[in-house]
Structures are given as C-alpha cells and as structure tokens.
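Trainee: Just need the structure, nothing else, for what follows:
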Amino acid sequence: MDFRLTATDPHSHARTGVITTGHGEIATPVFMPVGTAGTVKAIHMRDVDQDIKARIILGNTYHLYLRPGLDILREAGGLHGFNGWRKPILTDSGGYQVYSLAARRKMKEEGVVFQSHIDGSRHMFSPERVMDIQRIIGADIMMAFDECTPYPCEYDYAEKSMEMTHRWLDRCIARFNETDDLYGYWQTLFPIVQGSVYRDLRIKSAEKIASCGADGNAIGGLAVGEPTEVMYEFTEMVCNILPTDKPRYLMGVGTPANILEGISQGVDMFDCVMPTRNGRNGMIFTSEGIINLKNEKWKADFSPLDPAGLSFVDNSYSRAYLRHLFIAGEMLGPMIASQHNLAFYLWLVDEAGRRINDGTFADWKSTMVTKLARRI
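Mentor: Residues are numbered from 1 along each chain as shown. Model (predicted):
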C-alpha cells in the first residue's frame, strides 16, 4: 500500500492525500461506510458505489467468520468476489466485538474464547487466527487484533490491556509476514493505538505503534463513552506522535462535527454506523443541522431534505414524503434516509478536502461545526 500527501492546511493539522491499494485509489480524508456482514445495511451495492460514491467500505471479521463462514468466502474468492464490490475493503479484526461481548467471552494471553451470538457455539480468536481469517476475507486493509477497553476503566486494567494488545500486535505482524495474499492483490496491516484515557498509556502505545513501520495506523478505544473533549484531546495527542507520511484512521467516529474536528487534528480515515443506524430511525443529517423526520412539523413540509437544497439523494423526495414512509412503516423510508446520510457524510469529507486544498478549511470548519450539531 502507498500513501502520498497532496496538501496540508496552514491553520490546522488537516491534510489531503491518496492511498493506493490493490483495488484502486482512496482520496483522503475519507469516510468508510460500514458493511458489517458484507453489505451496507438497506442500500444496494450499486448505490453505494454510484450514488453515494464510497471509495472504500468496511467488513467485520467476527460477523463474516460466523456468517457466511470462511469456506464460502474462500470459494467465492474473498469478500470482493462474494458481494461484488470492486473497490477497497477494510476489515475490523473483531476486537470491538470482543469488547461488546463481555458476557460471552473469556480473555487470556493466547486469545479470546467466545460464544457466538447466533447459536451459542464456542470459538477461539487468537492474533494468528484473526490474521488468517482476514487473509481469507481478502481485505485490502487488515486490522490487528486488540482489546478495546471500556470507559471508564481503572488505570491498572487499561495498562495491562494495552500491554497485551502490544504483545498481540507483535504476533499479528509475525503471522502477517509469514503468510501470503490469497487472491492476487496485496493486503496490508494496520496496528491500533490503545491506552484508554490515560495520557502516559496513550503516548506509550502511540510510540509503540509508530515504531512498527506499518503502512497505516489506527486509533482505537475512543468514542466509547468518554466526553467529546477528551476524545479530541487524545486524538490530537496521538496524531502528533504517529508518522505524518502514513494514513491515520480514527475508529468508530462519529458525528459530522466529530469528523470535522478529527480532520483538523490530522486524521485521514473514519467509519461509523451512525449514518445508517440513525437513518433507519428517521434521523437525517444535513448541511444545516439534524432533522428528526418523525416529528409532526414535517407532515406537510414539501421542501427538499437538505435545507440548503444540496442533493444527497433525489431532490424529488420531500420531508413530508419521507416522514410519511416512516409513519406508514414502509421500508423505503429507512432506505432513503440511510442513503441520504451516507451521501451527506461523503460530501462532507469531500468538501473538507476541497477546503484544505484551497486554503479555506479552518474558517469553513468553524462555521460548519456549529451548524452540524444543532437540531432543526
């Protein structure tokens, strides 16, 4: 994988760049739609490509391992062959699922034994096993196996977890280096910074990750309940340690305002389920703020979904019509709202990139952050 910077903002740490993978180029900053089980929920893959114009999507090792399973994925030629997506794919290692399945797993140095949420069957994820699984899935960007600590957590727990994550990372790198790509294109591995919200641990973890010389680096363990200001503080601190010539990925973040703040701190890559999850529940993000379409006041509002008239989906869809679909229980409502939200997120990072390139990012970002957080 290759990464080259194309522009930097003189008033912040924001930058633009291009990541080159075996499935094409990714202009950054970039938002990556989440396709946990091999699909972006409720949206046709054609629309993810042509209308939303996503440049890369995510899959999840834990979910894909359980369904459809490794035999099917290998026979299909990997996830690209299985779901028909021809652009890059990044896979989460399953570390976050380990975090979220606390009642169903047992963690030890070797790895994690867990029960399937589907049928209760028992499975084992080790760093080596997770590398092998992601090789079979065929992700262009593979994530190291880590433990995502909860918030809050005690210092001793955070320190022990971080140290184990670092030992697991060494094993991930060793396994990655001794195995080959399976489908004729190269894959790469990103390590993940952990350390909870303890400054010395975050610095230690960032320095460890920076020393690995990976093609890119991720920041994990944030956006798990800590105050927003704390997330920003630790993101900026870690970005100042991670190499400037490698892409930086802030995992699981976040709101539109979070993304703009992350870009200003030097983050290049983002993902979050919020656009589709909130869209399925009637919330849409716009260039002027947030709209809850289930509210009565939109019942006879025939204006476009975005107050500024920006077309993230077909502007023939009015707020009144989309509200009607939700109230009537029509599945088209969540589909349109999800597509609108993802298209808006992609527009937002693209506009941020344009502003960085022409030197107007800082002022534009300050104005937009205020707008994006308000309820209309």
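
Trainee: Could you pull up the residues touching the closest residue to Met368 other than its chain neighbours?
Mentor: Using C-beta to C-beta, 6 or more residues apart in numbering and skipping the chain neighbours, the partner closest in space to Met368 is Leu260 (6.0 Å). The C-beta positions use only the backbone N, C-alpha and C, and glycine is treated the same way. Listed by C-beta atoms under 8 Å, 6 or more residues apart in numbering, the contact set of Leu260 reads 348, 352, 365, 368-369, 372.

Trainee: Could you chop this structure up by domain?
Mentor: By the assignment in automatic domain parsing, the chain contains the domains 2-272, 273-376.

Trainee: Grab the nearest non-local neighbour of the residue nearest in space to the middle of the chain.
Mentor: Nearest residue to the geometric centre of the chain (C-alpha atoms, centre = their mean): Asp271, 2.0 Å. Of all residues beyond its chain neighbours, the one nearest Asp271 is Met32 (4.3 Å), with distances taken as C-beta to C-beta, 6+ apart.

Trainee: just checking, the one you found touches Val48?
Mentor: No: when contacts are counted by C-beta atoms under 8 Å, Met32 is not listed as touching Val48 (10.8 Å).

Trainee: Centre of the chain to stretch 225-238, how far?
Mentor: Here stretch 225-238 is found 17 Å from its chain centre; the criterion is C-alpha atoms, centre = their mean, to the nearest Å.

Trainee: And for stretch 274-293?
Mentor: Per C-alpha atoms, centre = their mean, the displacement of stretch 274-293 from the mean C-alpha position of its chain is 18 Å.

Trainee: pLDDT averaged over it - what is it?
Mentor: Averaging pLDDT along stretch 274-293 yields 97.

Trainee: Any buried residues in it, and which?
Mentor: Buried residues in stretch 274-293, counted by 16 or more other C-beta atoms under 10 Å: 274-276, 278-280, 282-287, 289-291, 293.

Trainee: Of the residues you listed, which is the nearest to Phe3?
Mentor: Using C-beta to C-beta, Pro275 is the member of the buried residues of stretch 274-293 that sits closest to Phe3, with 25.1 Å.

Trainee: on that earlier part again, pretty sure the residue nearest to Met368 sits in a strand.
Mentor: No: with DSSP: H, G, I helix; E, B strand; the rest coil as the criterion, Leu260 is helix rather than part of a strand.

Trainee: Look up how far Ala14 lies from it.
Mentor: If you measure Leu260 against Ala14 using C-beta to C-beta, to the nearest Å, the figure is 9 Å.

Trainee: shared neighbours of these two, which are they?
Mentor: Contact with both Leu260 and Ala14 is made by residues 352, 365, according to C-beta under 8 Å, 6+ apart.

Trainee: ok, which stretches of the chain are helices?
Mentor: Using DSSP state H, the helices of the chain run over 45-50, 61-66, 70-76, 79-83, 95-100, 127-137, 155-178, 199-211, 228-239, 256-264, 274-280, 319-327, 332-358, 361-372.

Trainee: Pull the fourth one out as PDB, backbone CA atoms only.
Mentor: What follows is the C-alpha trace of helix 79-83 in PDB, where atoms were taken according to Å, rounded to 0.1, in the frame of the first residue of the first chain:
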ATOM      1  CA  LEU A  79     -15.400 -10.800   0.100                       C
ATOM      2  CA  HIS A  80     -14.900  -8.900  -3.100                       C
ATOM      3  CA  GLY A  81     -16.000 -11.900  -5.100                       C
ATOM      4  CA  PHE A  82     -18.800 -12.700  -2.700                       C
ATOM      5  CA  ASN A  83     -20.500  -9.300  -2.600                       C
END
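
Trainee: Buried residues, it. List them.
Mentor: 79-80, 82-83.

Trainee: Against which helices or strands is it packed?
Mentor: helix 70-76, strand 89-92 (3 or more C-beta pairs under 8 Å, 6 or more residues apart in numbering; DSSP states H and E).

Trainee: Which stretch among those is buried most, on average?
Mentor: strand 89-92 (a mean of 25; mean count of other C-beta atoms under 10 Å).

Trainee: Provide the contact partners of that strand at residue level.
Mentor: For strand 89-92, contacts defined as C-beta under 8 Å, 6+ apart pick out 23, 32, 56-62, 64, 79-80, 134, 137-143, 251, 271.

Trainee: chain center to it: distance?
Mentor: Counting by C-alpha atoms, centre = their mean, strand 89-92 is centred 9 Å from the centre of its parent chain.

Trainee: What mean pLDDT does that strand get?
Mentor: Strand 89-92 carries an average pLDDT of 97.

Trainee: Adjacent strands (with direction) for that strand?
Mentor: strand 57-60 (parallel), strand 141-143 (parallel) (DSSP bridges).

Trainee: excluding its backbone neighbours, what's nearest Met237?
Mentor: Arg202 (6.2 Å).

Trainee: That neighbour is in contact with Glu236, isn't it?
Mentor: No: the pair Arg202 / Glu236 is not scored as a contact, 10.8 Å apart, by C-beta under 8 Å.

Trainee: Comparing those two, which residue is more hemmed in?
Mentor: Just comparing Arg202 and Glu236: by other C-beta atoms under 10 Å the higher neighbour count belongs to Arg202, 25 against 16.
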